[in-house]
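> Take this sequence and fold it.
(one chain, ligands or ions: 1)
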Amino acid sequence: MPFSDFHGNSAVVHRLRDMLARDHLPHAVVLAGGQGSGKYTLALMLAQALNCLNPPAGLPDFCGNCGNCTRIAQARDLDARFAEAVEARENLRETDKKETRIFVQTHPDVLVIPPDPPQMMIKVDQVRRVIETIYYRPAEGREKIYIFTDSAFMKEAANSLLKVLEEPPEFATIFLLTENPGELLPTVRSRSMTFTLGALTAEEIEQDLANHRPEWKPTQRALVARLSEGGVGRARSFDVAAYTAGRDHAMAILKSALVGGEHSELFKITESYRPGAEGREKTEALIRTLYSLLRDLVFIDCGAPQLIRNTDIAAELKRMAEAADFEWITAASDRLAEVERGMRRNLLRSLSLDAFAAALEK
Ligand SMILES: [Zn+2]
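You can find the predicted model right below:
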């Protein structure tokens, strides 16, 4: 899996590799970009390029097969490694649990530092581990790599990080991944170099999905490319089945409001949105989907159907748009905002979804 496998943002990737070639990669690198934009993937690739035992000729790259490359690649599934680390901590004695922080380490010279639960913040003990180890030369590679996967630092942790950034050893590189560089201390940013991974176009993502998700239908790939907001990672891991199931419900609710008719069907649907953590997530996803469908109806109504996201049900949406004028869509959006507010105050979810559909009936 060499750099050519990194989709999009080729100018940024080229610049980083060029700096590697000239041995000019800064010791502290901020990789900024939205969720799923590839920040973590790119940081690991750079870690591999810095440590590969059989680097291919030409611009710095990595083989993907040597001992260093394969062990670093084991950290690629961050969610899985993170879950393992959390579970390992759960199994510790109560007293040890309190003092144990979460790390992901699949290679002795590459340490991944995710936010520590339950607060999901980078804690001072995690930065301490960096300080304790960073000044020792790498054991098996050429470069020590530290990857902070999030910029939510506790105050003391951020201040400790600053100390490392003031005098990093020549053989270490620290990556700071962030969706919003403004979350990092200005003093941290001024000691780092920031690279931003921009959002990809729907067409670029569709192309990537053709390679990585060949099992999806072309209509599904087109849909996901439009729903993933420019993030390749988000697109590749998109749960199409869950989305379309939720969208069927959202469409049924809107149809029931627009054409009236059979209410028992509607109740059956809204009843399946139960209180509790899981129900809450499901309801929030439903609300997001309702908004996205209403937005598509607006695009159709104002003569810009090429902008809709739910391309795979375009014909159905067009039929629906004939009954939904601007006034109705505005009222529906307002009502949906009310349901959201009600959820935040913990009103019964199924009740407020019924009320939503009933209030919009024509
Ligand atoms: Zn290698």
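> and the helix or strand Thr219 falls within, C-alpha only, in CSV?
Using DSSP states H and E, Thr219 maps to helix 218-227. What follows is helix 218-227, C-alpha atoms only, in CSV (Å, rounded to 0.1, in the frame of the first residue of the first chain):
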residue,chain,number,x,y,z
PRO,A,218,-22.9,2.0,-9.0
THR,A,219,-26.1,3.7,-7.8
GLN,A,220,-25.0,3.1,-4.2
ARG,A,221,-21.5,4.4,-4.9
ALA,A,222,-22.9,7.5,-6.4
LEU,A,223,-25.2,8.0,-3.3
VAL,A,224,-22.4,7.4,-0.8
ALA,A,225,-20.0,9.8,-2.7
ARG,A,226,-22.6,12.5,-2.2
LEU,A,227,-23.3,11.7,1.4
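> now what about it, what contacts it?
Defining contact as C-beta atoms under 8 Å, 6 or more residues apart in numbering, one finds that helix 218-227 is touched by 202-203, 205-206, 209-210, 213, 216, 235, 238, 240, 243, 292, 308-312. C-beta coordinates here come from the backbone N, C-alpha and C atoms, glycine included.
> buried stuff in that helix?
220-227 (16 or more other C-beta atoms under 10 Å).
> Tabulate the residues you listed (JSON lines), appending pLDDT and distance to Asp61.
Listed next are the buried residues of helix 218-227 as JSON lines, based on pLDDT from 0 to 100; distance: C-beta to C-beta, whole Å:
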{"residue": "Gln220", "pLDDT": "94", "distance to Asp61": "33"}
{"residue": "Arg221", "pLDDT": "95", "distance to Asp61": "28"}
{"residue": "Ala222", "pLDDT": "95", "distance to Asp61": "32"}
{"residue": "Leu223", "pLDDT": "95", "distance to Asp61": "34"}
{"residue": "Val224", "pLDDT": "96", "distance to Asp61": "29"}
{"residue": "Ala225", "pLDDT": "95", "distance to Asp61": "28"}
{"residue": "Arg226", "pLDDT": "93", "distance to Asp61": "32"}
{"residue": "Leu227", "pLDDT": "92", "distance to Asp61": "32"}
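> Tell me the one of those nearest Asn91?
Val224 (37.0 Å; C-beta to C-beta).
> quick one, longest helix in the chain?
Across the chain, the longest stretch assigned as helix under DSSP state H is helix 277-301.
> Show me how far the helix or strand following it is from its chain's centre.
Counting by DSSP H and E, the next helix or strand C-terminal to helix 277-301 is helix 314-323. Distance, stretch centre to chain centre, for helix 314-323: 31 Å (C-alpha atoms, centre = their mean, to the nearest Å).
> ok, and what's touching helix 314-323?
Applying C-beta under 8 Å, 6+ apart, the set of residues contacting helix 314-323 from outside is 251, 254-255, 258-259, 293, 296-297, 300-301, 305, 308, 310, 362.
> how far is the helix or strand just after it from where the chain is centred?
For helix 314-323, the following helix or strand on the C-terminal side (DSSP H and E) is helix 326-344. With C-alpha atoms, centre = their mean as the basis, helix 326-344 stands 27 Å off its chain's centre.
> average pLDDT for helix 326-344?
Confidence over helix 326-344 (mean pLDDT, whole number) is 88.
> what does it contact?
With C-beta under 8 Å, 6+ apart, helix 326-344 has contacts from 254, 257-258, 280, 283-284, 287, 290-291, 294, 297-298, 301, 324, 349, 352-353, 355-356, 359-360, 362.
> The ion contacts on the stretch 1-150 of the chain?
52, 62-63, 66, 69 (C-beta under 5 Å from the ion).
> Export the residues you listed to TSV and append columns for distance to Val13.
Shown next, in TSV, are those (distance: C-beta to C-beta, whole Å):
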residue	distance to Val13
Cys52	16
Phe62	13
Cys63	17
Cys66	21
Cys69	17
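> Tell me which two of those residues sit farthest apart.
Among those, Phe62 and Cys66 lie farthest apart (C-beta to C-beta), at 8.1 Å.
> Look at the two and report which has more neighbours.
Each of Phe62 and Cys66 has its neighbours counted (other C-beta atoms under 10 Å); Phe62 has more, 26 against 16.
> Pull the contacting residues for the more buried one.
Phe62 is in contact with 2-3, 45, 48-49, 51-52, 55-56, 69, counting by C-beta under 8 Å, 6+ apart.
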